[in-house]
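Q: Pasting the sequence and the predicted coordinates here, then a few questions.
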Amino acid sequence: MSEKTTPQNNEATGPVHDVAVLGGGSFGTAMAKVLGENGHRVHFWMRAGAQAREIRTTGINSRYMPGIELTGDIQPTTNLADAVSKAEIVLVAIPSKAFRAVIRENCDKFRDDQIVVSLTKGIEEYGFKLMSEILQEEIPRCRIGVLSGPNLAAEIVGRDLTATVIAAKDPDVRRAVQDLLGCEYFRVYANVDVYGVELAGALKNIYAIVAGLASALEMGENAKAMLITRGLAEMSRFAVSLGANPMTFMGLAGVGDLIVTCTSPKSRNFRVGYAVGQGQKLDDAVAELGQVAEGIYTLKLVKEKAEAIGIYMPLVRGLYEILYGSASIKAVINSLMMSVQNSDVEFILPRTITQ
């Protein structure tokens with residue numbers, strides 16, 4: 001990254017860098033805020049002109065972060081080509097359903113060796129592709145990374161202590177992102193397991209919905225702990241079968257992210273599960289949320305993939321039957337409690353026993 005000027009009105013004292021943040025949702029806004037406070041120049045792209053004008057004139061993204069002021073050199077824009085062309089590093093926070101379309105439409109705007117980091121926790125419907133795989137296919141000349149972890153956007157913008165993980169094969173990518181985002185309240189740890197870190201971030205959204213259901217049903221703390229830890233066993237079993245490193249799931253991107261999304265009403269997926277648990281229809285719960293809950297889409301894809309490759313995922317199957325089938329929540333819970341009592345910790349007993 002090239003050095004420019006030193007910020008005069010910010011606590012940061014390092015070199016200023018040009019960074020593009022693509023996506024004006026809650027997490028894109030949170031990362032733009034961190035970057036701005038760290039003294040960097042942020043080219044903040046979003047589709048809606050009214051949203052860009054509001055941020056430009058008031059410093060607030062009222063739809064996603066009402067009452068939160070964005071400070072520093074943040075330049076909202078609806079011109080993606082301009083944002084990318086000016087940036088040394090690009091952070092992509094576009095919902096998974098639109099991710100490939102936006103990148104493909106603008107693939108010629110990215111430069112050779114430009115660092116591009118996905119912030120999106122989701123899976124593409126066709127081909128079961130993660131966002132980093134889409135980036136590799138659409139802009140292979142760029143250096144790719146993934147940012148994931150227990151990162152509730154509402155807490156980050158409030159400057160609450162938070163840690164995340166940058167996963168990339170290239171050590172320069174890892175160092176660059178650590179230098180850009182690291183500050184007194186935001187810690188950035190490194191990992192080389194791009195697939196595992198990214199898949200963990202997508203899978204945990206499913207179990208956050210399950211946890212929301214459990215909370216709405218006023219299940220005890222023992223039951224909630226059981227669901228979270230069985231969810232961890234289930235997601236790690238699935239991910240490792242696809243090539244992820246099992247140790248990734250013991251870190252921030254795995255168990256860390258799972259805990260925060262399964263225990264906090266600030267989690268969008270938790271809120272959807274809670275609403276369904278209180279008797280709302282899924283479509284109504286999503287409409288009331290007003291934002292993307294990636295776990296709803298991920299659930300269908302993971303269920304199909306697990307069945308195709310023969311991976312035992314009772315929580316995924318049970319949640320699918322509740323949301324998309326005719327099964328009652330209590331019937332599914334009873335079914336789960338009557339299932340085989342298998343291995344506690346994944347990968348300790350032979351696979352033939354754990355299933």
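A: Looks like it came in fine. If you're wondering where the values come from, they're calculated on a predicted model, not measured in any experiment.
Q: Helix, strand or coil: sort out the residue nearest the centre of the chain for me.
A: With distances taken as CA atoms, centre = their mean, the residue of the chain nearest its centroid is Lys121 (3.2 Å). Classification of Lys121 using DSSP: H, G, I helix; E, B strand; the rest coil returns coil.
Q: Could you find the closest non-adjacent residue to it?
A: Gly201 (3.9 Å; CB to CB, 6 or more residues apart in numbering). Every residue, glycine included, has its C-beta placed from N, CA and C.
Q: Let me see the mean pLDDT of the helix or strand where the one you found lies.
A: Remark: Gly201 resides in helix 194-216, with elements defined by DSSP states H and E. Averaged across helix 194-216, pLDDT comes to 93.
Q: what does stretch 175-182 give?
A: The average pLDDT within stretch 175-182 is 98.
Q: With only the CA atoms kept, save it in PDB.
A: What follows is stretch 175-182 as a C-alpha-only set of coordinates in PDB (Å, rounded to 0.1, in the frame of the first residue of the first chain):
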ATOM      1  CA  ARG A 175      -0.700  -7.800   7.200                       C
ATOM      2  CA  ALA A 176      -2.300  -5.100   5.100                       C
ATOM      3  CA  VAL A 177      -5.800  -5.700   6.500                       C
ATOM      4  CA  GLN A 178      -4.400  -5.900  10.000                       C
ATOM      5  CA  ASP A 179      -2.700  -2.600   9.600                       C
ATOM      6  CA  LEU A 180      -5.800  -1.000   8.100                       C
ATOM      7  CA  LEU A 181      -8.400  -2.100  10.600                       C
ATOM      8  CA  GLY A 182      -6.600  -2.700  13.800                       C
END
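Q: in that stretch, what counts as buried?
A: For stretch 175-182, a neighbour-count test (16 or more other CB atoms under 10 Å) marks Ala176, Val177, Leu180, Leu181, Gly182 as buried.
Q: Among the residues you listed, which ones are in helices?
A: Among the buried residues of stretch 175-182, the members falling in helices (DSSP state H) are Ala176, Val177, Leu180, Leu181.
Q: In the sheet, which residues pair with Val21? Tell me.
A: Beta-bridge partners recorded for Val21 (DSSP bridges): Phe44, Leu91.
Q: Just give the number of residues close to it.
A: 30 (other CB atoms under 10 Å).
Q: Quick one: residues contacting it.
A: By CB atoms under 8 Å, 6 or more residues apart in numbering, the contact set of Val21 is Gly28, Met31, Ala32, Leu35, Val42, His43, Phe44, Trp45, Leu91, Ala93.
Q: Adding neighbour count, distance to Ala153 and pLDDT, write those residues out as JSON lines.
A: Shown next, in JSON lines, are those (neighbours: other CB atoms under 10 Å; distance: CB to CB, whole Å; pLDDT from 0 to 100):
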{"residue": "Gly28", "neighbour count": "25", "distance to Ala153": "9", "pLDDT": "98"}
{"residue": "Met31", "neighbour count": "27", "distance to Ala153": "9", "pLDDT": "98"}
{"residue": "Ala32", "neighbour count": "32", "distance to Ala153": "11", "pLDDT": "98"}
{"residue": "Leu35", "neighbour count": "26", "distance to Ala153": "14", "pLDDT": "98"}
{"residue": "Val42", "neighbour count": "26", "distance to Ala153": "16", "pLDDT": "98"}
{"residue": "His43", "neighbour count": "24", "distance to Ala153": "19", "pLDDT": "98"}
{"residue": "Phe44", "neighbour count": "29", "distance to Ala153": "14", "pLDDT": "98"}
{"residue": "Trp45", "neighbour count": "30", "distance to Ala153": "17", "pLDDT": "98"}
{"residue": "Leu91", "neighbour count": "27", "distance to Ala153": "13", "pLDDT": "98"}
{"residue": "Ala93", "neighbour count": "26", "distance to Ala153": "10", "pLDDT": "97"}
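Q: Between those residues, which sits nearest Ile166?
A: Within those, the smallest distance to Ile166 is 10.7 Å, found for Leu91 (CB to CB).
Q: Report the secondary structure element holding Arg56.
A: Using DSSP H and E, Arg56 sits within helix 49-58.
Q: what's the pLDDT at the nearest residue to Leu323 once chain neighbours are set aside?
A: Distances taken as CB to CB, 6+ apart place Leu282 nearest to Leu323, at 5.3 Å, with adjacent residues excluded. Per-residue pLDDT puts Leu282 at 84.
Q: my guess is Leu282 contacts Leu289, does it?
A: No - here Leu282 does not reach Leu289: they are 10.7 Å apart, not a contact under CB atoms under 8 Å.
Q: Identify the contacts common to the two.
A: Val272.
Q: Keeping just the C-alphas, turn the helix or strand hosting Tyr274 into PDB.
A: According to DSSP H and E, Tyr274 maps onto helix 268-277. C-alpha atoms of helix 268-277 as PDB (Å, rounded to 0.1, in the frame of the first residue of the first chain):
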ATOM      1  CA  ARG A 268     -30.400 -10.700  12.500                       C
ATOM      2  CA  ASN A 269     -30.600 -14.500  12.200                       C
ATOM      3  CA  PHE A 270     -31.300 -14.900  15.900                       C
ATOM      4  CA  ARG A 271     -34.100 -12.300  15.600                       C
ATOM      5  CA  VAL A 272     -35.700 -14.200  12.700                       C
ATOM      6  CA  GLY A 273     -35.600 -17.500  14.700                       C
ATOM      7  CA  TYR A 274     -37.100 -15.700  17.700                       C
ATOM      8  CA  ALA A 275     -40.000 -14.300  15.700                       C
ATOM      9  CA  VAL A 276     -40.800 -17.700  14.200                       C
ATOM     10  CA  GLY A 277     -40.600 -19.200  17.600                       C
END
